[in-house]
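Next input, structure requested:
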Amino acid sequence: MVGDLIRADVYRKLGYSGPGGFVKLMCRDRTFRPVVTLRLYHFLRQHWSRRPASLFVGLMHRMWCHSVAMELPLSTVIGPGFSIAHGWGMVINAHAKIGRNVTIFHGVTIGQGDRIASDGTRRTGYPVIGDDVWIGPGATIVGAVTVGDGSRIMAGAVVSFDVPPGSMVRGNPGEIWRENCVMDVMHRVI
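Just a heads-up that it's a prediction; the model follows:
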(Lines give C-alpha, C1' and ligand atoms only; values in the text may rest on other atoms or scores of the structure.)
Protein backbone atom coordinates (compact mmCIF):
# COMPACT_ATOMS: atom_id res chain seq x y z
CA MET A 1 0.00 0.00 0.00
CA VAL A 2 2.75 2.48 0.90
CA GLY A 3 4.45 1.57 -2.37
CA ASP A 4 1.31 2.51 -4.29
CA LEU A 5 1.12 5.90 -2.55
CA ILE A 6 4.77 6.68 -3.25
CA ARG A 7 4.43 5.52 -6.88
CA ALA A 8 1.45 7.87 -7.25
CA ASP A 9 3.48 10.75 -5.77
CA VAL A 10 6.38 10.01 -8.16
CA TYR A 11 3.99 9.89 -11.10
CA ARG A 12 2.49 13.28 -10.20
CA LYS A 13 5.94 14.85 -10.18
CA LEU A 14 7.44 13.21 -13.26
CA GLY A 15 4.66 11.78 -15.42
CA TYR A 16 6.10 8.29 -14.95
CA SER A 17 6.95 6.13 -11.97
CA GLY A 18 9.44 3.44 -11.13
CA PRO A 19 12.63 2.96 -9.15
CA GLY A 20 14.60 5.35 -11.37
CA GLY A 21 12.06 8.13 -10.89
CA PHE A 22 11.98 7.54 -7.15
CA VAL A 23 15.77 7.76 -6.86
CA LYS A 24 15.84 10.87 -9.06
CA LEU A 25 13.30 12.65 -6.87
CA MET A 26 14.96 11.58 -3.62
CA CYS A 27 18.28 13.01 -4.89
CA ARG A 28 17.00 16.17 -6.56
CA ASP A 29 13.64 17.22 -5.13
CA ARG A 30 13.86 18.51 -1.56
CA THR A 31 10.06 18.74 -1.19
CA PHE A 32 9.56 15.10 -2.17
CA ARG A 33 11.57 13.63 0.73
CA PRO A 34 9.16 14.73 3.50
CA VAL A 35 6.25 13.23 1.56
CA VAL A 36 8.08 9.88 1.39
CA THR A 37 8.87 9.87 5.10
CA LEU A 38 5.24 10.77 5.88
CA ARG A 39 4.06 7.78 3.81
CA LEU A 40 6.61 5.43 5.41
CA TYR A 41 5.77 6.63 8.91
CA HIS A 42 2.04 5.93 8.41
CA PHE A 43 2.85 2.46 7.10
CA LEU A 44 5.23 1.61 9.95
CA ARG A 45 2.85 2.85 12.66
CA GLN A 46 0.18 0.43 11.44
CA HIS A 47 2.36 -2.59 12.28
CA TRP A 48 3.41 -3.14 15.90
CA SER A 49 6.53 -5.07 14.91
CA ARG A 50 7.79 -2.12 12.86
CA ARG A 51 7.07 0.66 15.34
CA PRO A 52 10.72 1.10 16.43
CA ALA A 53 11.61 1.87 12.80
CA SER A 54 8.92 4.55 12.77
CA LEU A 55 10.95 6.52 15.33
CA PHE A 56 13.88 6.74 12.91
CA VAL A 57 11.59 7.64 9.99
CA GLY A 58 9.89 10.29 12.13
CA LEU A 59 13.28 11.80 12.94
CA MET A 60 14.22 11.84 9.24
CA HIS A 61 10.88 13.49 8.46
CA ARG A 62 11.51 16.29 10.95
CA MET A 63 15.01 16.82 9.58
CA TRP A 64 13.81 17.00 5.97
CA CYS A 65 10.88 19.29 6.81
CA HIS A 66 13.25 21.58 8.69
CA SER A 67 15.69 21.62 5.77
CA VAL A 68 12.99 22.97 3.45
CA ALA A 69 11.30 25.25 6.02
CA MET A 70 7.93 23.54 5.94
CA GLU A 71 5.61 22.13 8.55
CA LEU A 72 4.02 18.87 7.53
CA PRO A 73 3.03 16.96 10.69
CA LEU A 74 3.33 13.18 10.64
CA SER A 75 -0.33 12.74 11.56
CA THR A 76 -1.64 14.62 8.50
CA VAL A 77 -3.87 12.49 6.25
CA ILE A 78 -2.99 12.97 2.58
CA GLY A 79 -4.32 11.10 -0.45
CA PRO A 80 -2.20 9.66 -3.27
CA GLY A 81 -0.61 11.89 -5.90
CA PHE A 82 0.39 14.69 -3.53
CA SER A 83 2.67 17.29 -5.11
CA ILE A 84 4.49 20.14 -3.40
CA ALA A 85 5.96 22.79 -5.70
CA HIS A 86 8.80 24.68 -4.00
CA GLY A 87 7.45 24.20 -0.44
CA TRP A 88 9.28 26.98 1.39
CA GLY A 89 7.15 28.35 4.20
CA MET A 90 4.34 25.82 3.77
CA VAL A 91 2.36 25.04 6.96
CA ILE A 92 -0.25 22.30 7.19
CA ASN A 93 -2.17 21.58 10.38
CA ALA A 94 -2.00 18.01 11.67
CA HIS A 95 -5.81 17.71 11.62
CA ALA A 96 -6.30 18.89 8.04
CA LYS A 97 -7.37 16.27 5.50
CA ILE A 98 -6.04 16.45 1.95
CA GLY A 99 -7.44 14.47 -0.99
CA ARG A 100 -5.77 12.90 -4.00
CA ASN A 101 -3.93 14.82 -6.75
CA VAL A 102 -3.55 17.97 -4.68
CA THR A 103 -0.86 20.48 -5.68
CA ILE A 104 0.43 22.95 -3.10
CA PHE A 105 2.88 25.82 -3.65
CA HIS A 106 5.20 27.70 -1.32
CA GLY A 107 3.89 29.87 1.48
CA VAL A 108 0.57 28.02 1.74
CA THR A 109 -1.14 27.73 5.13
CA ILE A 110 -3.80 25.11 5.74
CA GLY A 111 -4.71 25.61 9.36
CA GLN A 112 -6.98 25.63 12.34
CA GLY A 113 -9.71 28.20 12.61
CA ASP A 114 -11.60 29.13 15.76
CA ARG A 115 -15.06 30.65 15.96
CA ILE A 116 -15.97 32.27 19.25
CA ALA A 117 -19.68 32.60 20.00
CA SER A 118 -21.17 35.54 21.88
CA ASP A 119 -21.32 33.40 25.04
CA GLY A 120 -17.55 32.80 24.82
CA THR A 121 -17.64 29.19 23.67
CA ARG A 122 -15.01 28.27 21.13
CA ARG A 123 -15.56 26.03 18.12
CA THR A 124 -12.38 24.80 16.43
CA GLY A 125 -12.30 23.46 12.89
CA TYR A 126 -9.85 22.21 10.30
CA PRO A 127 -9.91 22.30 6.50
CA VAL A 128 -10.80 19.38 4.26
CA ILE A 129 -9.24 19.70 0.81
CA GLY A 130 -10.98 17.68 -1.91
CA ASP A 131 -9.44 15.80 -4.83
CA ASP A 132 -7.70 17.48 -7.79
CA VAL A 133 -7.27 20.83 -5.99
CA TRP A 134 -4.59 23.38 -6.94
CA ILE A 135 -3.47 25.77 -4.18
CA GLY A 136 -1.32 28.70 -5.32
CA PRO A 137 1.58 30.46 -3.59
CA GLY A 138 0.78 32.27 -0.35
CA ALA A 139 -2.81 31.03 -0.13
CA THR A 140 -4.39 30.59 3.30
CA ILE A 141 -7.19 28.13 4.06
CA VAL A 142 -8.39 28.13 7.67
CA GLY A 143 -11.20 26.73 9.76
CA ALA A 144 -13.85 24.08 9.28
CA VAL A 145 -14.06 24.60 5.54
CA THR A 146 -14.29 22.20 2.63
CA VAL A 147 -12.57 22.96 -0.65
CA GLY A 148 -14.51 21.08 -3.33
CA ASP A 149 -12.98 18.72 -5.89
CA GLY A 150 -11.28 20.33 -8.87
CA SER A 151 -11.11 23.79 -7.33
CA ARG A 152 -8.28 26.30 -7.66
CA ILE A 153 -7.22 28.60 -4.86
CA MET A 154 -5.26 31.44 -6.47
CA ALA A 155 -2.07 33.00 -5.12
CA GLY A 156 -2.60 34.99 -1.94
CA ALA A 157 -6.27 34.03 -1.54
CA VAL A 158 -7.66 33.76 1.98
CA VAL A 159 -10.35 31.08 2.27
CA SER A 160 -12.52 30.85 5.38
CA PHE A 161 -15.69 29.55 3.68
CA ASP A 162 -16.72 26.38 1.85
CA VAL A 163 -15.66 26.33 -1.79
CA PRO A 164 -17.97 24.52 -4.24
CA PRO A 165 -16.41 21.94 -6.58
CA GLY A 166 -14.80 23.35 -9.71
CA SER A 167 -14.51 26.89 -8.37
CA MET A 168 -11.71 29.41 -8.60
CA VAL A 169 -11.12 31.58 -5.52
CA ARG A 170 -9.09 34.78 -5.45
CA GLY A 171 -8.42 37.72 -3.15
CA ASN A 172 -8.24 38.65 0.50
CA PRO A 173 -10.89 38.15 1.72
CA GLY A 174 -11.46 35.33 -0.72
CA GLU A 175 -14.26 35.40 -3.23
CA ILE A 176 -15.41 32.88 -5.79
CA TRP A 177 -14.21 34.36 -9.06
CA ARG A 178 -15.27 31.61 -11.45
CA GLU A 179 -17.32 28.44 -11.30
CA ASN A 180 -17.28 25.24 -13.37
CA CYS A 181 -13.54 25.57 -14.02
CA VAL A 182 -11.47 22.89 -15.63
CA MET A 183 -9.21 21.31 -13.02
CA ASP A 184 -5.49 22.05 -13.21
CA VAL A 185 -3.76 18.73 -12.49
CA MET A 186 -0.65 17.61 -14.33
CA HIS A 187 -0.04 13.84 -14.40
CA ARG A 188 -3.30 13.02 -12.67
CA VAL A 189 -3.39 9.80 -10.66
CA ILE A 190 -6.63 7.89 -11.06
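
quick one: the spatially most central residue of the chain from Arg28, how far?
Central residue of the chain (CA atoms, centre = their mean): Ile98, 5.5 Å from the mean position. Counting by CB to CB, to the nearest Å, the separation of Ile98 from Arg28 is 24 Å. To be clear about C-beta, it is placed using only N, CA and C from the backbone, and glycine gets the same treatment.

and if you look at Gly120?
Taking CB to CB, one finds Gly120 at 51 Å from Arg28.

next one: Arg123
For Arg123, the distance to Arg28 - CB to CB - is 43 Å.

same check, this time on Ile78
For Ile78, the distance to Arg28 - CB to CB - is 21 Å.

Please apply the same query to His95.
Here His95 is placed at a distance of 31 Å from Arg28 (CB to CB).

Likewise for Cys65?
18 Å.

so Ala53 is in which element?
helix 51-67 (DSSP states H and E).

Any stretches of this protein with poor pLDDT?
48 (pLDDT under 70).

can you name the farthest residue from the center of it?
In the chain, by CA atoms, centre = their mean, Asp119 is the one farthest from centre (34.5 Å).

Doesn't that residue belong to a helix?
No: assessed with DSSP: H, G, I helix; E, B strand; the rest coil, Asp119 is coil; it does not lie in a helix.

Would you mind measuring from it to His106?
40 Å.

next one: His42
From His42 over to His106 (counting by CB to CB), the distance is 24 Å.

ok, now Asn93?
Counting by CB to CB, the separation of Asn93 from His106 is 17 Å.

which residues in this structure form helices?
With DSSP state H, the ranges of helices along the chain come out as 2-14, 19-28, 32-45, 51-67.
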